[in-house]
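Trainee: Please work out how this folds:
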Amino acid sequence: MLRRNRLKHRVIPIGIIVLMTIYYNEFAVYEVQKFKWAMRECSECVKVLLVADPQILGERFENYFGSWIARWDSDRYLEKTFSKALKFSQPHVIAFLGDLMDEGHVANVEDFEKYKRRLDSIFSMPDDIMKIYLPGDNDIGGEDDRVSASIHKRFNFAYTQPDTLIYKTVTFFKVNRLTHTMPEAPKDAFLNDYAERNTTNVILSHMPLLFTPGNFVQSVLKELSPQIIFTAHEHKAMHISLDTATDQLSDVWILPPYETHLYQLRMDVGDIHEVQIPTCSYRMGMPHMGYGLVYIDTQEKTVDFTILWLPNRFSQLRLYIFIIGLIIVLAACSFISSCYVKSYATYNRIPSA
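Mentor: The predicted structure follows:
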């Protein structure tokens, strides 16, 4: 009876610790993180939520023992964080900046359809929100291998939409540096100077543009006349400005991780801005993940943006490992102690000669 009470007194605290750890890692940490995010009240703004490099794990490269757990946990992390970001931002537009799948460029038709169903389940959105999808190198190739025309066609068929989309006063141009393709600008888009227009031109590209301004990039800037560019691929948050008067980069800075400032850029001073959005997946090996949130105010000629930084999942997993290790140590100590007590009791019961 005494041993049973001792065991009970040991199990209860351990159980409480385990339950508190699970509650914090799987629920509380995401609610706490929302209080660190910045937002702006703006009735005339177009709100855009930017999703970069989710790269859901596939089954060809992730085929080790227990890989299904890795895929399941990564999918759950993306689903949880996206739903929180969606509810917080209430966007008008959601733009996926490429690398939706990790193995899209090598997947057969059956696997591609399976991955797309997973993506649709993870990133569940209301029908009244405009969705924009761009392919990345992991979707169609183009980094370590060539872009496959058939795979590119398959992606475009799965996410059928024009390369120019308009929401209220904002025109979105989908640019593909991997294939060196861009849409034609509307004929009446640039009749007046930007300061006199009531539209803002936004370029969306998976690959960064301003850092390597070759002939293709020069053509994009000349033909589409963007005020701001949003890119991905590098898995980190960065801002770059190009002075159009000198054709030189005037400002380059990395956004400090976990600083949730709302940064404001003016669109009428002659600079072209590029904002790189970090990956939202913890499986990309980056310590800092997040979603981009943008407020485009065409009337005021401003763009406010912030990064909705996310909890570090690897820290949570390390906490689980620590708790499991602690339980194993305590269980081993309890077993050794129990064996010692049993041996001592047996020794005391040996009758004297």
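
Trainee: What lies in contact with stretch 132-142?
Mentor: Residues outside stretch 132-142 that contact it (CB atoms under 8 Å, 6 or more residues apart in numbering) are 53, 55, 93-105, 143-144, 147-148, 151-152, 155-156, 159, 161, 165, 172, 174, 176, 178-179, 204-207, 232-233. Every residue, glycine included, has its C-beta placed from N, CA and C.

Trainee: at 7 Å instead, please
Mentor: 53, 55, 93, 95-102, 104-105, 143, 147-148, 151-152, 155, 159, 161, 165, 172, 174, 176, 178, 204, 206, 233 (CB atoms under 7 Å, 6 or more residues apart in numbering).

Trainee: try stretch 232-240
Mentor: So stretch 232-240 is in contact with 52-53, 97-99, 136, 206-208, 210-211, 249, 252-255, 273-279, 284, 286, 290, 307, going by CB under 7 Å, 6+ apart.

Trainee: Next: stretch 55-65.
Mentor: Stretch 55-65 is contacted from outside by 70-71, 74-75, 99, 101-103, 106-107, 111, 115, 118-119, 122, 138, 281, 283-284, using CB under 7 Å, 6+ apart.

Trainee: From those, list just the buried residues.
Mentor: Among those, those scoring as buried are 71, 74-75, 99, 101-103, 106-107, 111, 115, 118-119, 122, 138, 281, 283-284 (criterion: 16 or more other CB atoms under 10 Å).

Trainee: And the strands in this protein?
Mentor: Remark: strands assigned in the chain by DSSP state E are 46-51, 93-96, 130-133, 164-167, 170-175, 200-205, 228-231, 238-243, 248-254, 263-266, 271-276, 290-297, 302-309.

Trainee: Any chance of the ones you listed in CSV with mean pLDDT, mean neighbour count and distance to Leu319 as columns?
Mentor: Shown next, in CSV, are the strands of the chain (pLDDT from 0 to 100; neighbours: other CB atoms under 10 Å; distance: least, CB to CB, whole Å):
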stretch, mean pLDDT, mean neighbour count, distance to Leu319
strand 46-51, 98, 24, 27
strand 93-96, 98, 24, 31
strand 130-133, 98, 19, 35
strand 164-167, 96, 16, 41
strand 170-175, 96, 23, 40
strand 200-205, 96, 24, 37
strand 228-231, 98, 24, 34
strand 238-243, 94, 18, 30
strand 248-254, 88, 12, 28
strand 263-266, 93, 15, 32
strand 271-276, 95, 22, 30
strand 290-297, 97, 24, 21
strand 302-309, 96, 23, 19
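
Trainee: May I have the phi/psi pair for the residue nearest to the spatial centre of the chain?
Mentor: Closest residue to the average C-alpha location of the chain: Cys280 at 1.6 Å, with CA atoms, centre = their mean. Backbone dihedrals for Cys280, given as degrees, to the nearest 10, come out at phi -100, psi 0.
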